[in-house]
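Engineer: generate a structure from the sequence data that follows.
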Amino acid sequence: MPRKGITIYELLISCPGDVLDYFDVLKESVENFNRVLGALNNIEVVIKHWSTDSYPESGDKPQELLNKQFVRDCDAAVVIF
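Structural biologist: Numbering: from 1, shown residues only. As a prediction, the model looks like this:
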């Protein structure tokens, strides 16, 4: 049965390709949060990352295209270096 009145927060994860192990740890942590605390509080955190949430486009600088596609709509960001 679908939950009603759920609040969704979009979390931008920004990281270079050489720290993908840390990205996986963060992704697993968010999934655990959603499963336990999110379900209890009727919220969900959705991860946004360029590898899964961007699409091919031209006409502007690459970063600006990503900003328009999904970055500006995110509620929070985590940067991993």
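Engineer: and the residue nearest to D53 when sequence neighbours are not counted, how far from S51?
Structural biologist: Distances taken as C-beta to C-beta, 6 or more residues apart in numbering put F70 closest to D53, at 4.9 Å, once the chain neighbours are dropped. For the C-beta atoms, the positions are set from N, CA and C on the backbone; glycine is no exception. F70 is 12 Å from S51, where distance means C-beta to C-beta, to the nearest Å.
Engineer: mean confidence (pLDDT) on the helix or strand encompassing V78, please.
Structural biologist: Per DSSP states H and E, V78 falls inside strand 76-79. Averaging pLDDT along strand 76-79 yields 96.
Engineer: give the buried residues for the helix or strand bottoming out on mean pLDDT in the chain.
Structural biologist: Lowest on mean pLDDT, DSSP states H and E among the helices and strands of the chain sits helix 50-53, with a mean of 88. Within helix 50-53, the residues that count as buried by 16 or more other C-beta atoms under 10 Å are W50, D53.
Engineer: mind listing what's buried along the lengthiest helix in the chain?
Structural biologist: Longest helix of the chain, by residue count under DSSP state H: helix 20-33. The neighbour-count check on helix 20-33 (16+ other C-beta under 10 Å) flags F23, L26, V30 as buried.
Engineer: follow-up on the earlier one: and the helix or strand just after the least confident helix or strand of the chain, what does it pack onto?
Structural biologist: Per DSSP H and E, the first helix or strand lying C-terminal to helix 50-53 is helix 62-69. Using 3 or more C-beta pairs under 8 Å, 6 or more residues apart in numbering; DSSP states H and E as the contact test, no helix or strand touches helix 62-69.
Engineer: so what touches helix 62-69?
Structural biologist: Under the contact criterion C-beta atoms under 8 Å, 6 or more residues apart in numbering, helix 62-69 has outside partners W50, D53, S54, Y55, E57, S58, G59, D60.
Engineer: which residues sit against the longest strand along the chain?
Structural biologist: Counting by DSSP state E, the longest strand found in the chain is strand 7-14. Strand 7-14 is contacted by residues 23, 26-27, 30, 42-49, 70-71, 73-80 when judged by C-beta under 8 Å, 6+ apart.
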